[in-house]
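Q: This is the structure alone, sequence omitted:
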């Protein structure tokens, strides 16, 4: 079955690749309109998924993530309309010129072809990813969470209705409509048809893809992010940034997990930190040197373990470690970081410069919260995923990351000498 | 052992990443000078490899590929000096600006970190790859062919002498100095330290890497290249391009393997083709429709098999197939091509346009030989490998393909609202 889906997707990708921006936007507008007009089909399927979720004892919070209603569907449709407004990267000439050998050459941006996306429960991702792939002329094979496979199936059928209305094949957007996990393994081996695989999920899914996929994979999503607090910071300003980086959305991969504090300011900074964290309800996990200075403060505090430096808290918990220099801070980040987002708070220009150059992360910040690592915040207009690998795309991936380029060369019966 | 090499390479990569272009060029000049000054060490090791090769009954042609002498070493040293002259992509700002959220942001080109390269027998690749990696601030782990492991080891020790002279760690350029194949398998799993893997070899090596590596891999190097001969071509000009594409270097991956000939010109084109190919000593492999028209010509001809459409000849052999339209030609390329290099010979502008847009290959040519797909020919100044995948780099990979970017953001204690 997967083989057939791959073949259909590849065939569709050839048709999509030559559509103009106007044609693609027309399809997207039809999709948005039909998501609203055919909402009954999607909501009925969602009802069945929700009933299963409740029967399986899923928590109210998680069930709410699965749940669609007319208002949420309208929001999803509006997001599709927003994608119409984004610039189309396909067809852009990256560079080119006339070569000494007589060829007129250019690198032209083109769609990747077929993209595979494996993601978790939220059903809005289905439409989100499909619209970004269509905008860039790619076919897509979607594998959503098993908790919402009926919702995803119904949603994709509505999208396929819109494709058909414009004379485009259903193979352009397909969902794996079965909760069978074996199908994921089959998808990972479909390198003959699928050009790129994006896993959007936890560490386990990324590891599975990295180890098992024969398709090039974009991995990311795990963020053990740090803030280095230099000796010359202003207390109040620093605290504001730290609170934002931890608390603005603790479950996000770009929230901070570890503070590296210059030991020279331990005596003033740590008591102030304890007061602020107590007010914000943030629990501290302190290293052996900072623990004594924090133990009498108002904030909850316990000893941090080596393993806790390596894991995401994704909660109102924050590690604290004293370091004696910028070098020691950078060394800690290299050892324990996940190359996602790291920040320095400093007033010393050459410290900022060294941090930016020497910390090997997708996003490095000077005097700013780590929470900005996001396609929307970075002005990309959309976000397909956040990559923490170095090949192809790094950090937030916008539409450009769904393209590649080809070399186009024109000659006059030109031969190589 | 591989773990230790990985760790040393990663540590070295941090030092390399902050070197200026001038510093990197100084190291490269020292490497070039030492390759000449210390040639005795390298040639002695090469003697031992050559003796083994002869004992193992290696052909004279292959043995010649392994062989170094003072003149060849000088050529290799001069290539390193040439790398000094290339522009350094590291540090280039790709784009950036002031965001609405208050951040001043830029995408800055940075080294990948650690590159792993697995390649075959030719010992010049060792220096070639090492110099390109150093120029772009990357550490590299080299795994050359087992036939030249002593030569490669000696060469890398000379490079390490040059690194030490400039206060840089030997971990920057390391060779796996053992013919043990198990070490390749270990290298493929070193994702903790190695950021990109480049296999330079045959289809088997690429398959092994795609299936076994947990490191992002650049695959390529297999070229089943096509020329579509349109109905309106000029005979003599077309023949010149076809001969160049087949004969200028038949063993190259960008040489042509299959001609797709518009059936409307079969009666005139095929007899002329037979005459030209006979003169050039090229054997034809014809489909059922063209075979009768070629059988009475002077060129050697036999019936082509389905499998022969899928394989590289890498020799003076050429498949011929009649197709009734441009669509049929494009369909054949989609089915049997390897997305490497494909050309159309035509005088019809919208055919050229359709071919360029609809053939999904790394390089597409209009009225030119497929033999141009090469870093040097495309003006990149160097070639690390030729990619036929779509992620990261496509076609000939120059220095830029050895870099990634990071997002650098400056704020004023800026937080996300």
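A: Okay, I see it. Quick caveat: nothing in here was measured; it's all calculated off a predicted structure.
Q: and residue A:123, what pLDDT?
A: With respect to pLDDT, residue A:123 scores 86.
Q: Residue A:63 now?
A: pLDDT at residue A:63 comes out at 89.
Q: Residue A:201 now?
A: 83.
Q: State the distance from it to chain B.
A: 17 Å (Cβ to the nearest Cβ, to the nearest Å). C-beta here means a position set from N, CA and C on the backbone, and glycine is covered the same way.
Q: Thought residue A:118 was touching that residue, still the case?
A: Yes. The pair residue A:201 / residue A:118 is scored as a contact, 6.7 Å apart, by Cβ atoms under 8 Å.
Q: The two: who's more crowded?
A: residue A:118 (24 against 15; other Cβ atoms under 10 Å in any protein chain shown).
Q: For that one, list the residues it contacts.
A: By Cβ atoms under 8 Å, 6 or more residues apart in numbering or on different chains, the contact list for residue A:118 reads A:143, A:184, A:187, A:197, A:198, A:199, A:200, A:201, A:205, A:209.
Q: Make sure the fourth one is indeed in a strand.
A: Pointing back at residue A:197 there. Yes. The assignment for residue A:197 by DSSP: H, G, I helix; E, B strand; the rest coil puts it in a strand.
Q: separation between it and chain B?
A: Counting by Cβ to the nearest Cβ, the gap from residue A:197 to chain B is 10 Å.
Q: Just give the number of residues close to that residue.
A: 25.
Q: near chain B, anything from stretch A:373-391?
A: Yes. Against chain B, stretch A:373-391 shows contacts by Cβ under 8 Å from any Cβ of the partner chain at A:373, A:377, A:378, A:379, A:389, A:390, A:391.
Q: Neighbour-wise, give me the winner out of these.
A: Neighbour-wise, the residues of stretch A:373-391 next to chain B (other Cβ under 10 Å) top out at residue A:373, 30 neighbours.
Q: what about it, distance to residue B:413?
A: 17 Å (Cβ to Cβ, to the nearest Å).
Q: Kindly report the same for residue A:68.
A: Residue A:68 is 39 Å from residue B:413, by Cβ to Cβ.
Q: ditto for residue A:228
A: Counting by Cβ to Cβ - residue A:228 and residue B:413 are separated by 14 Å.
Q: more neighbours, these two?
A: Taking other Cβ under 10 Å, residue A:228 and residue B:413 do not tie; residue A:228 has more neighbours (25 against 18).
Q: Determine the three-state secondary structure at that one.
A: From three-state DSSP, the assignment for residue A:228 is strand.
Q: Residue A:77 is in contact with residue A:35, correct?
A: Yes. Checked against Cβ under 8 Å, the pair residue A:35 and residue A:77 is within contact range at 4.3 Å.
Q: Mutual contacts of these two, please.
A: In contact with both residue A:35 and residue A:77: residue A:127, using Cβ under 8 Å, 6+ apart.
Q: May I ask which helix or strand encompasses the residue nearest to residue A:332 when sequence neighbours are not counted?
A: Take residue A:332 and drop its neighbours on the chain: the residue closest to it by Cβ to Cβ, 6 or more residues apart in numbering or on different chains is residue A:260, 5.7 Å away. For residue A:260, the enclosing helix or strand under DSSP states H and E is strand A:256-262.
Q: Likewise for residue A:396?
A: strand A:395-397.
Q: hang on, residue A:355 is in a helix, isn't it?
A: Yes. Assessed with three-state DSSP, residue A:355 lies in a helix.
Q: Done for today, thanks.
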